[in-house]
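[1] could you work out the structure for the sequence below:
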Amino acid sequence: MIVIMGATGTIGSALVQCLLDRGVSVRAVSRDPEKLQKQFGDASRSNAEFVRADASDHESMRQAFTGASQLFLVISNSPNQIELETSIIRIAGETGIDHIVKISSPVFDPKSPVSVAGWHMEIEKVLSTSGMLATVLRPYAFMQNLLRFAPTISAHNVFCGSMGDTACNFVDCRDIADVAAEVLTNREKAGHVYTLTGSEIFSYPQIANKLSTLLEHPIDYINMDSEVLRRDLIEFGQMPPWLADHVVEIQAMSVALPEKPTGDVERVLGRAPRTLDAFLLEHLKKFR
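    Presented below is the predicted three-dimensional model:
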């Protein structure tokens, strides 16, 4: 039995579907299991269980893990990330889990510190000394996060950032889920750290040009000072300050530390990653 945390999230839901398609037994965990039932069908299907649990509720975690052998660990980033994930790792070991696949972040670099990456680094240290088999997935920017620009593109033909013309990595969350499914079902590929990217890097101006071509009218990228961007994210985007800081920090990291594709998706899956062009075309209606 494989426990999937974050089963209603972008990566988690894709992973649940991938494992169900393979006929693998899964226990999908969510604070809203009714949503899972609507998405994936009747919980009575022989290889699926949909259970209610909360990362901050130790007893619900213990019940969710009992009888399972593997855990896919992903929770939304938050200031109490370290506390939550380290307690989950401890409970997993106590209930008989012997393999954890953790979603992490690109490695922390002191030259361009990203606080959330530092949190994940501390959690990875705990996982590495847990005695369980550990597989760590470190994805770069999600293509799906580009959909957050859709409202301003649709309404005003613009989107904003603070990366200038720096090119960076993007990866489709479905490729992350496919890699997770592979390492959960093939022990020969488990126990490693994989840094997940697409096969090309792109700048925001390049993405604006791609959308201009697809939409057949100009889309502009507006580069902002990082402090101005942070203020706008808080005031107009209603982001909590820690999350606005994170957005600004990861864009600063991309500028300070040149990025390039790793090839890890293809090494695990034996196929090339999904492309940004295909992703934009698939979701074009959302940008109109």
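[2] C-alpha from now on. contacts and neighbour counts both.
    Noted.
[3] test my guess that N47 contacts G23.
    Yes. Judged on C-alpha atoms under 8 Å, N47 makes contact with G23 at a distance of 6.8 Å.
[4] quick one: the helices in the stretch 1-150 of the chain?
    10-21, 33-40, 58-65, 81-94, 115-128, 150-156 (DSSP state H, counting those that start in this stretch).
[5] next, the angle helix 81-94 makes with the third one.
    Between the axis of helix 58-65 and that of helix 81-94 there is an angle of 50 degrees, by axes from the mean of the first three to the mean of the last three C-alpha atoms, to 10 degrees.
[6] packing partners of helix 58-65?
    In terms of contacts (3 or more C-alpha pairs under 8 Å, 6 or more residues apart in numbering; DSSP states H and E), helix 58-65 is packed against helix 81-94.
[7] so for the helix it packs on, what gets flagged as buried?
    For helix 81-94, burial by neighbour count (16 or more other C-alpha atoms under 10 Å) applies to Q81, I82, L84, E85, T86, S87, I88, I89, I91, A92, G93.
[8] go on, stretch 73-83?
    Buried-residue list, stretch 73-83, by 16+ other C-alpha under 10 Å: L73, V74, I75, Q81, I82.
[9] for it, give the mean pLDDT please.
    For stretch 73-83, the mean pLDDT works out to 91.
[10] repeat for stretch 97-115
    The average pLDDT within stretch 97-115 is 89.
[11] show residues contacting it.
    Under the contact criterion C-alpha atoms under 8 Å, 6 or more residues apart in numbering, stretch 97-115 has outside partners 65, 68-74, 116-118, 120-121, 124, 132-140, 180, 183-184, 195, 246, 249-250, 252-253, 256-257.
[12] of these, keep whichever come out buried.
    When the contacts of stretch 97-115 are checked for burial by 16+ other C-alpha under 10 Å, the buried set is 65, 68-74, 116-118, 120-121, 124, 132-140, 180, 183-184, 195, 246, 249-250, 252-253.
[13] taking the residues you listed one by one, which sit in strands?
    Here DSSP state E is the test, and these give Q70, L71, F72, L73, L133, A134, T135, V136, L137, R138, P139, T195 as lying in strands.
[14] quick one, what contacts N223?
    Contacts of N223 by C-alpha under 8 Å, 6+ apart are C160, G161, S162, M163, G164.
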